[in-house]
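Enquirer: Give me coordinates for this.
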Amino acid sequence: MTGVVSDVDSANGQVRLDTTDGDMLLRLPPAALSNVKQGDRVTVDVGIRAGSVDGQRTGARGAPVPRRFSNNKEGKPMQRKPRAGDAPKSEAAASTLWPLKDLRHYTIGSPDGDIGEIADAYFDDQSWTVRYLVVDTGTWLPGRKVLVSPSAVERVDAPGARLVTTLSRQQVKDSPGIDTDKPVSRQHETTFHEHYGYPLYWTGPYRWGAMPYPMMVGMPPAPPPNAVDEEMRARALENADPNLRSAEEVSGYGIRARDGDLGHVEDFLIDAQSWAIRYLVVDPASWWPGPHVIIPPAWVTRVDWDDSKVETDVSRQQVRDAPEYRPASEMARDYERALHHHYGRRGYWEDEPGGWLRRPPAA
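Expert: Below is the predicted model:
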């Protein structure tokens, strides 16, 4: 289970998470919370027993019912404090989406110094998820670019234009090299994940393999591989094509509706939690002098990688009549609902995280 820390009570060993299933209270040894702070994204394993989840009572279908806790003499429940960016209670939730263009040239930071600047991102064309950030190490490692997984990102410092990681410079220096002029092989990916101790994202049913989201930063290194791990590794190496695409290259691709051109891909909106590409940002200036429009990758029917064309299952008139897209760091869920309702489509948030399944790559 993955969520964002909304409250920490270190003295009593209590931490509250905001998850897709609601608020969740966890009780942990106080020492385990010494480095946990509000806003951190964490992943926890929840052991399920009949009628309880680690002592916590359960509701329908065994889902945990969050316990309320108190830090006062009256025993009243401690309420989550309002945070900057919280929507009023009368409003719907919002999705935090990052324009990929804004992340380019962000600095990748580590505890012992800067690693470099983001030059590109690689996404896989099965799930349309950013798998790696391509980082130019500049004068630190002259002439070398390295890969950084979203699993390593601890937080985003937007005012400082930085992504803060817990990677050490030595880890990065010792990481497998990459030639950005050649496709990334599955063997290279496997070696990369083994170097950092990350689980293989392509071996499970969810967006990140065994989990819907990237692993928690600061998790202990993966244990040495057992027989099952070795078998999974061997099977992974059988597939030499991981279907990774350069976002820099795909920017500029032409995009078509069922009945004509829509313009070209100008940017991607990235989900801050899952690193999924939620929308393609399209500049329609070639056929219509209207504002930019957004198209979810789920509506893409085909990509001609040789001809640099993206085909979608929408009409030009639908695009013209769609609710106007206005760039913002947070996209109101009400807007997303209105957009999907306009096209007669189901929203991605209705299925995730548990319902997400891999879909075939675009041809």
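
Enquirer: what are the phi and psi angles of A152?
Expert: Per-residue torsions, A152: phi -90, psi -10 (degrees, to the nearest 10).

Enquirer: and it, what does it touch?
Expert: Applying CB atoms under 8 Å, 6 or more residues apart in numbering, one finds that A152 lies in contact with 165-167, 196, 217. Glycine gets a C-beta too; all of them are placed from N, C-alpha and C.

Enquirer: Next, format those residues as JSON lines and append secondary structure, neighbour count and pLDDT.
Expert: Below are the contacts of A152 laid out as JSON lines (DSSP: H, G, I helix; E, B strand; the rest coil; neighbours: other CB atoms under 10 Å; pLDDT from 0 to 100):
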{"residue": "T165", "secondary structure": "strand", "neighbour count": "23", "pLDDT": "94"}
{"residue": "T166", "secondary structure": "coil", "neighbour count": "13", "pLDDT": "87"}
{"residue": "L167", "secondary structure": "coil", "neighbour count": "23", "pLDDT": "95"}
{"residue": "Y196", "secondary structure": "helix", "neighbour count": "19", "pLDDT": "94"}
{"residue": "V217", "secondary structure": "coil", "neighbour count": "19", "pLDDT": "39"}
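
Enquirer: Counting neighbours, what do you get for the closest residue to A161 other than its chain neighbours?
Expert: Spatially, and ignoring its direct neighbours in sequence, A161 is nearest to Y106 (5.1 Å; CB to CB, 6 or more residues apart in numbering). The burial count assigned to Y106 is 19, neighbours taken as other CB atoms under 10 Å.

Enquirer: Show the contacting residues for Y106.
Expert: Contact analysis of Y106 by CB under 8 Å, 6+ apart lists 117-118, 161-163.

Enquirer: again, only this time at 10 Å
Expert: Residues counted as contacts of Y106 (CB atoms under 10 Å, 6 or more residues apart in numbering) are 98, 117-118, 133, 135, 156-158, 160-163.

Enquirer: most surrounded residue in those residues?
Expert: L133 (28 neighbours).

Enquirer: Distance-wise, check it relative to W202.
Expert: Distance, L133 to W202, using CB to CB, to the nearest Å: 18 Å.

Enquirer: same thing with L262?
Expert: Distance from L262 to W202, counting by CB to CB: 31 Å.

Enquirer: Equivalent analysis for S168, please.
Expert: From S168 over to W202 (counting by CB to CB), the distance is 26 Å.

Enquirer: higher neighbour count, the two?
Expert: Using other CB under 10 Å, the more surrounded residue of S168 and W202 is W202, with 22 against 14.

Enquirer: Go over the secondary structure and confirm the more buried one is in a helix.
Expert: Yes: judged by DSSP: H, G, I helix; E, B strand; the rest coil, W202 forms part of a helix.

Enquirer: Can you tell me how far it is from R245?
Expert: W202 is 15 Å from R245, where distance means CB to CB.

Enquirer: what's the nearest residue to I270 if we skip its chain neighbours?
Expert: Closest residue in space to I270, ignoring its immediate chain neighbours: W98 at 4.5 Å, by CB to CB, 6+ apart.

Enquirer: ok now do that neighbour, which residues does it touch?
Expert: Contacts of W98 by CB under 10 Å, 6+ apart are 106, 130, 156, 158, 163, 268-272, 275, 278, 329.

Enquirer: so what are the domain limits for this structure?
Expert: 2-86, 99-245, 247-350 (automatic domain parsing).

Enquirer: Quick check: beta-bridge partners of the residue nearest to W287 when sequence neighbours are not counted?
Expert: Using CB to CB, 6+ apart and skipping the chain neighbours, the partner closest in space to W287 is D261 (5.5 Å). With DSSP bridges as the criterion, D261 is bridged to R256.

Enquirer: hang on, D261 packs against I255?
Expert: Yes: under the criterion of CB atoms under 10 Å, D261 makes contact with I255 at 7.5 Å.

Enquirer: who has more neighbours, these two?
Expert: I255 (23 against 15).

Enquirer: I'd like the distance between that one and L100.
Expert: Taken as CB to CB, the span from I255 to L100 is 16 Å.

Enquirer: And I270, by the same measure?
Expert: Counting by CB to CB, the gap from I270 to L100 is 6 Å.

Enquirer: So for those two, which residues contact both of them?
Expert: 121, 123, 130, 247, 277.

Enquirer: Need the phi and psi values for the last one.
Expert: Its backbone dihedrals place I277 at phi -80, psi 110, with angles given as degrees, to the nearest 10.

Enquirer: what's the residue nearest to W140 when sequence neighbours are not counted in contact with, if anything?
Expert: Distances taken as CB to CB, 6+ apart place G116 nearest to W140, at 6.6 Å, with adjacent residues excluded. The neighbours of G116, taking CB under 10 Å, 6+ apart as the test, are 107-109, 133-141, 144-146, 148, 172.

Enquirer: follow-up on the earlier one: can you flag which of the contacts of W98 belong to strands?
Expert: Mapping the contacts of W98 onto strands (DSSP state E) picks out 130, 156, 163, 268-271, 278.
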